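Enquirer: only the shape, not the letters, is given here:
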């Protein structure tokens, strides 16, 4: 069965559908950072989004796209954290239960947040097979419908609205950089660039220790992520089929970054932009720090995907530097 | 000589004069924090201001209010940091030299920032007498004009624009909370509330370890700050005469907070609002944490005064908790 890819109207409709339930997040910039990199950098702050990340866009869009009859037994998913929070919050707005399968090593701040939004958590071992098996059991038991974190038409349409807003709020951009894990954000970003700013090149940024998207993009076929090793806990999953279909077609390039660059990027965003970003969200800026993309004299949009990190973890990261 | 207090038109003119040279900063809010305190909290993010604090408002207003002839030998001040950065930046926009007297214990990030804006630093011992003596010598030598950090008509008029923006961008507020050190921000805030939102009560918030404003307010006369002990390095100075004249008349109350509450407030703002605030900027929210102000069912504006803290210092603070 061919994969159905969101069209322009799916994204504009997602923006209308979700308005009022998600934030139109601000775009920050810094003269100091622009001088440092000889570029005009525009940071789209999804760390200020509802539930702390862009994932709220897709989750709200998905739940308000589906018929109430389909949602009557609630929704379910597996997620290392941000999609879980976003889905739990969206479900609480819809007043339906959210069953969340989480890996046992998920950050405590993310687990607590899911609980606070009323999400019902089942823990499992932190690998994809275990997550999928556990989710299957939960769905059999509850009759809930699965809302996949990224391999889902409505999720990708929702995530695309972040780049749509960024494009509307900035001068014409040469590049938009987004992190890539499952690919929902990168895929949505690529679609929005294609539809709303056709000259803008979209580049996916990935930790070298979890480089399945990089390798899949180079090889032209999906290569699963095995044994990922990175501080960027939001980017541990494998690229999805729908996002990969979009990425192959519309993404300009995928680059990888070192762990050291990720923490250096977090620190610079902290000290210069005064914002809290989780490691995954610092990956695109890390690519600029490591000169993986030539941004000199360019206008560059950077999607800061989320801000869910606890202060103890951040203290540890900054201490190690 | 009676002290001249800014009028409504001085503040609206300051807003016009500084527009384009300072940021109209965003107001953030959080459903989680509102639920936690049973209030509607509006955080005015001056940590995103040019040079990292509200001080840019006053500095730009002062330098663009004075005649060029008066400024021909440059400007000078003593400051533990944020006014220094702001003045150095404003002077660089005006293309005149800025001579900055700084205490030797000023945070390194603030010292570096002053240097980056082209400020010419003279270090001194960290007490008021030493700072004033050193500044006097610098002025004698250079012929620069002193721009006092808070005991200055144009500075207070400029700082007032932060609360003016906050009032314009929010529903009618029951309270506005601001930190108090020298009193420029609190004085300006009180004037803006008086002129633009007369029913709003302004409360000054001060560390218990540097409570000269609290004691001055209670006693009706200026009591200098001696041997202050607080993590809030922006609030070590004594209340100024002009600010005190305003504060006595228009401020509803001044409350003090513990050091523990300051770091807890920083952490909560970090984890919930995803913003970086310096200790001084967390003092008003700390007053809410310690129930020093009854905010239940109230609409409360909170001025987040600045975000200039280095990541090592923050890591240390969060580790100690």
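Expert: Alright, I've got the coordinates. Just so we're clear, the structure is a prediction, and the values are computed from it rather than from any experiment.

Enquirer: let me know the helix or strand that the most centrally placed residue in chain A is in.
Expert: Centre of chain A computed as the mean C-alpha position; nearest residue by Cα atoms, centre = their mean is residue A:185, 4.7 Å away. Element membership of residue A:185 [criterion: DSSP states H and E] is helix A:184-196.

Enquirer: mean confidence score for that helix?
Expert: Across helix A:184-196, the average pLDDT comes to 98.

Enquirer: roughly how far is that helix from the heart of the chain?
Expert: 12 Å (Cα atoms, centre = their mean, to the nearest Å).

Enquirer: C-terminal to it, what's the next element?
Expert: Of the helices and strands lying after helix A:184-196 in sequence (DSSP H and E), the nearest is strand A:201-207.

Enquirer: now tell me what touches stretch A:16-34 from outside.
Expert: Contacts of stretch A:16-34 with the rest of the structure, by Cβ atoms under 8 Å, 6 or more residues apart in numbering or on different chains, involve A:40-46, A:48-50, A:56-57, A:60-61, A:64-65, A:90, A:93, A:158, A:161-162, A:165-166, A:169-170, A:268, A:272-273, A:275, A:301, B:26, B:48, B:50, B:116. (Each C-beta comes from the backbone N, C-alpha and C, glycine too.)

Enquirer: please disregard the earlier target; I meant stretch A:290-301.
Expert: Stretch A:290-301 has contacts (Cβ under 8 Å, 6+ apart) with A:27, A:37-42, A:44, A:163, A:166-167, A:170-177, A:200, A:203, A:205, A:253, A:255-258, A:261, A:287-288.

Enquirer: give the buried residues for it.
Expert: A:290, A:292-293, A:295, A:298-301 (16 or more other Cβ atoms under 10 Å in any protein chain shown).

Enquirer: pLDDT below threshold where in chain A?
Expert: A:1-2, A:321 (pLDDT under 70).

Enquirer: list, one by one, the residues from it near chain B.
Expert: A:26, A:28, A:31-32, A:47-48, A:50, A:52, A:109, A:116, A:267, A:270-271, A:273-277, A:307, A:310-312, A:314-316, A:318-319, A:321 (Cβ under 8 Å from any Cβ of the partner chain).

Enquirer: show me those that map onto helices.
Expert: For the residues of chain A next to chain B, membership in helices holds for A:31-32, A:109, A:116, A:267, A:311-312, A:314-316, A:318-319, with DSSP state H as the criterion.

Enquirer: just the buried ones among the residues you listed, please.
Expert: A:32, A:109, A:267, A:311-312, A:314-315, A:318.

Enquirer: farthest-separated two in those?
Expert: Between any two of those, the greatest separation by Cβ to Cβ is 29.1 Å, found for A:32 and A:109.

Enquirer: hang on, residue A:194 packs against residue A:250?
Expert: Yes: the criterion here is Cβ atoms under 8 Å, and residue A:194 meets it with residue A:250 at 5.0 Å.

Enquirer: could you pull up the residues touching residue A:271?
Expert: Taking Cβ under 8 Å, 6+ apart, we find residue A:271 in contact with B:109, B:276, B:310-311.

Enquirer: tabulate those residues (TSV), appending distance to chain A.
Expert: Below are the contacts of residue A:271 laid out as TSV (distance: Cβ to the nearest Cβ, whole Å):
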residue	distance to chain A
B:109	7
B:276	4
B:310	6
B:311	4
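
Enquirer: farthest-apart pair in those, please.
Expert: With Cβ to Cβ as the measure, no two of the contacts of residue A:271 lie farther apart than B:109 and B:276, at 11.1 Å.

Enquirer: quick check: neighbours shared by the two?
Expert: With Cβ under 8 Å, 6+ apart, residue B:109 and residue B:276 have common neighbours A:271, B:309.

Enquirer: still on that earlier bit, the ones in helices among the residues of chain A next to chain B into a markdown table, with extra columns for distance to residue B:219?
Expert: Formatted as a markdown table, those follow (distance: Cβ to Cβ, whole Å):
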| residue | distance to residue B:219 |
| --- | --- |
| A:31 | 44 |
| A:32 | 43 |
| A:109 | 45 |
| A:116 | 45 |
| A:267 | 44 |
| A:311 | 38 |
| A:312 | 42 |
| A:314 | 42 |
| A:315 | 40 |
| A:316 | 46 |
| A:318 | 42 |
| A:319 | 44 |
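
Enquirer: can you tell me how far the residue of chain A most remote from its centre is from residue A:111?
Expert: Residue distances from the centre of chain A (Cα atoms, centre = their mean) peak at residue A:141, which lies 29.0 Å from the mean C-alpha position. To residue A:111, residue A:141 is 21 Å away according to Cβ to Cβ, to the nearest Å.
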